[in-house]
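Visitor: coords please:
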Amino acid sequence: MGGGESYMWAWDSWVEDMKQEQRVEYFKRYLPIPFRWIDWVADRLGFPNVSHAVFSGQGSIEDVHWLEEQGLVNFSEFKDWFDSLPTGKKRHRDL
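Guide: Got it, this is the predicted structure:
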């Protein structure tokens, strides 16, 4: 505990009746989304495997592109951030 779990639980309860489009609009009010939050935001929008896809080198990064299509993230900026991570923290070969 201590990583914001209480906030996440409260947020999940608050938005449980919202549609995906409503959640996208909510996040648009708080742009730019910090890159470290992209996996959490994607999970809350129905894409739970963004972290796995990006950091394991397995799977697809199409969900990050979907976030870009919604106006929530700039893929080029995300890639620059990702490339700046220490080598041990990044593994995706397709970025």
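Visitor: just the strands in this structure please.
Guide: For the chain, no strands are identified by DSSP state E.
Visitor: Tell me where it has helices.
Guide: According to DSSP state H, the chain carries its helices in the segments 5-15, 20-28, 38-44, 50-56, 62-69, 75-84.
Visitor: Have a look at this protein and report the helix or strand with the lowest mean pLDDT.
Guide: helix 50-56 (a mean of 67; mean pLDDT, DSSP states H and E).
Visitor: quick one, what contacts the residue nearest to Phe78 when sequence neighbours are not counted?
Guide: Spatial nearest neighbour of Phe78, chain neighbours left out: Phe35 (5.7 Å); criterion: C-beta to C-beta, 6 or more residues apart in numbering. In this view, the C-beta of every residue, glycine as well, is placed from N, C-alpha and C. Shown here is Phe35, whose contacts under the criterion C-beta atoms under 8 Å, 6 or more residues apart in numbering are 73, 77-78, 81-82.
Visitor: most surrounded residue in the residues you listed?
Guide: Val73 (24 neighbours; other C-beta atoms under 10 Å).
Visitor: How much space separates that one from Tyr7?
Guide: Remark: distance between Val73 and Tyr7 (C-beta to C-beta, to the nearest Å) = 21 Å.
Visitor: again, but for Val15
Guide: Distance from Val15 to Tyr7, by C-beta to C-beta: 12 Å.
Visitor: Between the two, which is the more surrounded one?
Guide: Set Val15 next to Tyr7 and count neighbours by other C-beta under 10 Å: Val15 wins out with 13 against 9.
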